[in-house]
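Undergrad: I'll drop the sequence and a predicted model, then ask my questions.
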Amino acid sequence: MPDIADIANPTRQRLEAGELAVGMIVRVSRTGDVARIAHSSGMDFLFIDAQHAIYSRETIAHIGQIALGCGITAMVRVRSCRDPDIPVLLDGGITGIVFPDVNTAEDAQAGVNAARYAPIGRRSATSGYALFDYRPLPQAEAIAIMNRNTLVVCMIETVEGVANAEAIAAVEGVDVILIGLTDLLTSMGKPGQLGDPEAMAAVERVGRACKAQGKFFGVGGDGDPQRQAIYISHGSRFVPTQSDAAFLMAAASRTTQELRALKP
């Protein structure tokens, strides 16, 4: 049985070491097998997308429990920074919350309030946490460990969010700022125009804001290797890759095409 003191968030460990933390977006998987598959493929985290996919809390908790057991971070992108499900997801074993559409420091603070305990936030305390295999633990110790091991990720996805990047990055309790290029380009009136100079300038600006405040930085929505290298040069270390559906489609399509090319 692992010592409580050894509990650590694998994604935080990667980020603190200055390495890339790489994850899979989860939209179609409904069992904990996806956590084991992600772990076996070298991923550091799952990005369960409860903003754009239909998930019950029970299904998310099941995936989170398996993730805890195999040593991968299970994160959930919730519906907003004021989603009422945030505390119960964390109590059930999720170890990171991704907040979409964070436009102001007030939005970021609302997310921190929901995900962190006092004195940083306002999360409600209980007992019997999945993170500790339901073992009893002194409340002060439990709260300190969970505050340390819960990742708070704020997504900047609009022109307004970019304009407030410095203020968002300054909010205590935020760990990662993730630019969501798909929505950001739409907000700019340039949907799908990856590599656009205005978007690349936004990436650079948010990267600087993160560096100034000691926050981790990530860029999502662009899998192009050459641009990813540019994002990494601007400090990006938190990298959501493709969704489970995209990985499945790519492999299935490739195999089908290879077989169709064979002459019977």
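TA: Yep, it's here.

Undergrad: show me where the stretch 151-264 of the chain has its helices.
TA: Ranges of helices in the stretch 151-264 of the chain, per DSSP state H, counting those that start in this stretch, are 159-163, 165-169, 181-187, 197-213, 225-233, 244-260.

Undergrad: identify whichever of those helices lies nearest to Gln65.
TA: helix 244-260 (18.0 Å; Cβ to Cβ). All C-beta spots, glycine's among them, are computed from the backbone N, C-alpha and C.

Undergrad: what is the neighbour count of Ala165?
TA: Under the neighbour criterion other Cβ atoms under 10 Å, Ala165 is assigned a count of 23.

Undergrad: just checking, it touches Lys211?
TA: No. Ala165 is not in contact with Lys211 according to Cβ atoms under 8 Å; the separation is 11.4 Å.

Undergrad: common neighbours of those two, please.
TA: By Cβ atoms under 8 Å, 6 or more residues apart in numbering, Ala165 and Lys211 have no common neighbours.

Undergrad: ok, Thr182 - contacts?
TA: Counted by Cβ under 8 Å, 6+ apart, Thr182 has contacts Glu157, Gly220, Gly221.

Undergrad: try it again at 10 Å.
TA: Glu157, Pro191, Gly192, Leu194, Gly220, Gly221, Asp222 (Cβ atoms under 10 Å, 6 or more residues apart in numbering).

Undergrad: tell me how many other residues surround the fifth one.
TA: Put plainly, it is Gly220. 26.

Undergrad: how much space between it and Gln193?
TA: To Gln193, Gly220 is 16 Å away according to Cβ to Cβ, to the nearest Å.

Undergrad: list the residues that contact Phe45.
TA: Shown in contact with Phe45 (Cβ under 10 Å, 6+ apart): 9-12, 14, 21-25, 35, 38-39, 67, 72-75, 95-96, 98, 151, 153, 238-240.

Undergrad: inside strands: which ones of the residues you listed?
TA: 21-25, 73-75, 96, 98, 151, 153, 238-240 (DSSP state E).

Undergrad: so Leu238 touches Gly180, yeah?
TA: One correction, residue 238 is Phe, not Leu. No. Using Cβ atoms under 10 Å, Phe238 makes no contact with Gly180, being 11.9 Å away.

Undergrad: more neighbours, these two?
TA: With neighbours defined as other Cβ under 10 Å, Phe238 and Gly180 compare such that Phe238 has more, 27 against 24.

Undergrad: in JSON lines: the helices of the stretch 151-264 of the chain, plus mean pLDDT and distance to Glu141.
TA: Shown next, in JSON lines, are the helices of the stretch 151-264 of the chain (pLDDT from 0 to 100; distance: least, Cβ to Cβ, whole Å):
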{"stretch": "helix 159-163", "mean pLDDT": "98", "distance to Glu141": "36"}
{"stretch": "helix 165-169", "mean pLDDT": "98", "distance to Glu141": "30"}
{"stretch": "helix 181-187", "mean pLDDT": "98", "distance to Glu141": "39"}
{"stretch": "helix 197-213", "mean pLDDT": "97", "distance to Glu141": "28"}
{"stretch": "helix 225-233", "mean pLDDT": "95", "distance to Glu141": "37"}
{"stretch": "helix 244-260", "mean pLDDT": "96", "distance to Glu141": "36"}
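
Undergrad: could you export the ones you listed as a markdown table, including distance to Thr126?
TA: Shown next, in a markdown table, are these (distance: least, Cβ to Cβ, whole Å):
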| stretch | distance to Thr126 |
| --- | --- |
| helix 159-163 | 33 |
| helix 165-169 | 29 |
| helix 181-187 | 34 |
| helix 197-213 | 31 |
| helix 225-233 | 39 |
| helix 244-260 | 31 |
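
Undergrad: where in the protein is pLDDT low?
TA: 1-3, 5 (pLDDT under 70).

Undergrad: sorry, back to before: can you select the buried ones among the contacts of Thr182 for me in ChimeraX?
TA: Applied in ChimeraX, the following selects the buried portion of the contacts of Thr182 according to 16 or more other Cβ atoms under 10 Å:
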select :157,220,221,222
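
Undergrad: tell me which of the contacts of Thr182 fall in strands.
TA: For those, secondary structure assignment (DSSP E) places Gly220 in strands.

Undergrad: good, wrapping up.
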